[in-house]
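Q: Sequence unavailable; structure follows:
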Ligand code: CAA
């Protein structure tokens, strides 16, 4: 028999600010229901001047290290598509902030919103090789689209950190999964841009096709039947996307796809994403956090995961919730991370959106704004200097 491997602990962090979609609706001159119902979003997290993917990653990962220590963490995989350096892994900036061990490999992974799942699967493989090792997987992103573009209401930011180990307390991964990759130009970000380029309609169609293909591969590899799952955690660029993709998948397999059945499969996964917005690599795992924090007892129940990264790679995988998982959740901290955000006015939002990082190598102090545990203090000599608050 093989050792069970999966998610032993999961912790989430988001930014200091939240922008309400009612503010954006007024600015766009549209009915707020276009956002609340049409795309299924109420608010979006927005980074303060002294926050980035490193500060939110540190805030997500620290509670895990506080609870479990760093012994036998020999790999740290940081997934992001909004990285701060083209060469150095963002995970290395975490070393002094949260006390990562020196006896670990630290690597950044990139494939749009998919790479957190790559991290989880690579972690599972490393642990299968040596079950005494543990892997810290961190998915961290700030989603940014052009002002006044259709993508703007689908911005957001969050980090999810997961401790992956043998005999996990929360979720045991199934040993099979379904894959689909294809070259599609639906969403991308050239090196010279801070905002993503997106073909919205193409991206929605590409997501749905990739989901169906990954599902087909999952079944070929011996995966479970669609009717077995207690819930489906989809990548959520906006929460309505999960509903759309699930209806599409169920109908393609001639399963019941009435509104009540779709809602029962998806609803509990959407509470956090609805108010945080797109967190790219973290989104599907924020969906898992929402599900675990809101659903009735899931012990022993199988869950489905659909991870999609534009460009594109999709993976359909599954796992079983462990008995006693509830004692290991961080429900209160998760809710506090969301409810403690400061409401952001439109003018400051616009200033933050338009601010450019300095490129001259001189000393630049960062405006002190965030109330979160870590901040970007300065950019100086082309170096980003972080501090604990
Ligand atoms: N009340 C209720 N619903 C309303 C409404 C109202 N008053 N007004 C409009 N709606 C509905 C529309 O009917 C539509 O519903 P359907 O999708 O069911 O048809 C929905 O609101 C959205 O309206 P539009 O189609 O007019 O939306 P849009 O042109 O503003 O663009 C979008 C939507 C394409 C998703 C855009 O937000 C976008 O480009 N987002 C970024 C790309 C993205 O998130 N793609 C997702 C797949 S790719 C991926 O998943 C990777 C990733 O993370 C980026």
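A: Looks like it came in fine. Not measured: the values here are computed from a predicted model.
Q: what's the distance between the residue in the stretch 151-300 of the chain that the ligand sits nearest to and residue 237?
A: Nearest to the ligand in the stretch 151-300 of the chain, going by C-beta to the nearest ligand atom, is residue 200, at a distance of 2.6 Å. C-betas here are computed from N, CA, C, even on glycine. Residue 200 sits 10 Å away from residue 237, going by C-beta to C-beta, to the nearest Å.
Q: same deal with residue 293?
A: 21 Å.
Q: how much space between residue 176 and residue 301?
A: With distances taken as C-beta to C-beta, residue 176 is found 18 Å from residue 301.
Q: Just confirm yes or no for stretch 176-193 near the ligand.
A: Yes - applying C-beta under 6 Å from any ligand atom, one finds stretch 176-193 touching the ligand at 186, 187.
Q: Between the two ends of that stretch, how far is it?
A: One end of stretch 176-193 sits 37 Å from the other (C-alpha to C-alpha, to the nearest Å).
Q: Repeat that for stretch 119-139.
A: 8 Å.
Q: Pull the distance from it to the chain's centre.
A: Between the mean C-alpha point of stretch 119-139 and the mean C-alpha point of its chain there is a distance of 18 Å (C-alpha atoms, centre = their mean, to the nearest Å).
Q: Same question for stretch 9-16.
A: Relative to its chain's centre, stretch 9-16 lies at 10 Å (C-alpha atoms, centre = their mean).
Q: next one: stretch 270-277
A: On C-alpha atoms, centre = their mean, the centre of stretch 270-277 falls 11 Å from the chain's centre.
Q: same thing with stretch 107-122?
A: For stretch 107-122, the distance to the chain centre is 10 Å (C-alpha atoms, centre = their mean).
Q: Skipping adjacent residues, who's closest to the residue of the stretch 151-300 of the chain closest to the ligand in space?
A: Leaving out its chain neighbours, the residue that sits closest to residue 200 by C-beta to C-beta, 6 or more residues apart in numbering is residue 150, at 5.4 Å.
Q: mind checking the SS state of that neighbour?
A: Following DSSP: H, G, I helix; E, B strand; the rest coil, the label given to residue 150 is coil.
Q: Tell me the spacing between it and the ligand.
A: 4 Å (C-beta to the nearest ligand atom, to the nearest Å).
Q: higher neighbour count, residue 293 and residue 237?
A: Taking neighbours as other C-beta atoms under 10 Å, residue 293 and residue 237 compare with residue 237 leading, 29 against 18.
Q: if we can go back for a sec, isn't the residue nearest to residue 200 right up against residue 199?
A: No - Residue 150 lies out of contact with residue 199 (C-beta atoms under 8 Å); the separation is 10.3 Å.
Q: residues in the stretch 151-300 of the chain within reach of the ligand, list them.
A: Within the stretch 151-300 of the chain, the residues that sit near the ligand (C-beta under 6 Å from any ligand atom) are 151, 153-154, 186-187, 198, 200, 203-204, 207, 235, 237-238, 241, 278, 280.
Q: Now name the helix or strand holding residue 318.
A: strand 313-321 (DSSP states H and E).
Q: Parallel or antiparallel, list what pairs with that strand.
A: strand 171-181 (antiparallel), strand 302-309 (antiparallel) (DSSP bridges).
Q: okay, the residue lying closest to residue 361 once chain neighbours are set aside: pLDDT?
A: Closest residue in space to residue 361, ignoring its immediate chain neighbours: residue 382 at 5.0 Å, by C-beta to C-beta, 6+ apart. pLDDT recorded at residue 382 is 97.
Q: Identify the spatial nearest neighbour of the residue in the chain positioned nearest to the ligand, chain neighbours not counted.
A: With C-beta to the nearest ligand atom as the measure, residue 38 is the residue of the chain nearest to the ligand, at 2.1 Å. Among residues not flanking residue 38 along the chain, residue 240 sits closest, at 6.9 Å (C-beta to C-beta, 6+ apart).
Q: Only the buried residues of whichever strand or helix holds that neighbour, if you could.
A: For residue 240, the host element (DSSP H and E) is helix 239-252. For helix 239-252, a neighbour-count test (16 or more other C-beta atoms under 10 Å) marks 239, 240, 241, 242, 243, 244, 245, 246, 247, 248, 249, 250 as buried.
Q: Kindly report the same for stretch 188-202.
A: For stretch 188-202, by 16+ other C-beta under 10 Å, it's 189, 195, 196, 198.
Q: repeat for stretch 362-380
A: 366, 369, 370, 372, 373, 374, 375, 376, 377, 378, 379.
Q: go on, stretch 175-186?
A: In stretch 175-186, the ones that count as buried by 16+ other C-beta under 10 Å are 176, 177, 178, 179, 180, 181, 184, 186.
Q: and the end-to-end length of it?
A: Start-to-end, stretch 175-186 (C-alpha to C-alpha) is 30 Å.
Q: any idea how far the residue nearest the centre of the chain is from residue 119?
A: Of all residues in the chain, the one closest to the mean position by C-alpha atoms, centre = their mean is residue 282, 0.8 Å from it. Noted for residue 282: a distance of 11 Å to residue 119, by C-beta to C-beta.
Q: Number of residues surrounding the residue nearest to residue 200?
A: Residue 150 has 13 nearby residues by other C-beta under 10 Å.
Q: Doesn't residue 360 belong to a helix?
A: No - judged by three-state DSSP, residue 360 forms no part of a helix; its state is coil.
Q: Give the burial count for it, as a bare number.
A: Residue 360, neighbours per other C-beta under 10 Å, totals 8.
Q: Remind me which helix or strand the closest residue in space to residue 345 that isn't next to it in sequence belongs to.
A: Closest residue to residue 345 apart from its sequence neighbours, by C-beta to C-beta, 6+ apart: residue 23 at 7.5 Å. Assessed by DSSP H and E, residue 23 sits inside helix 21-28.
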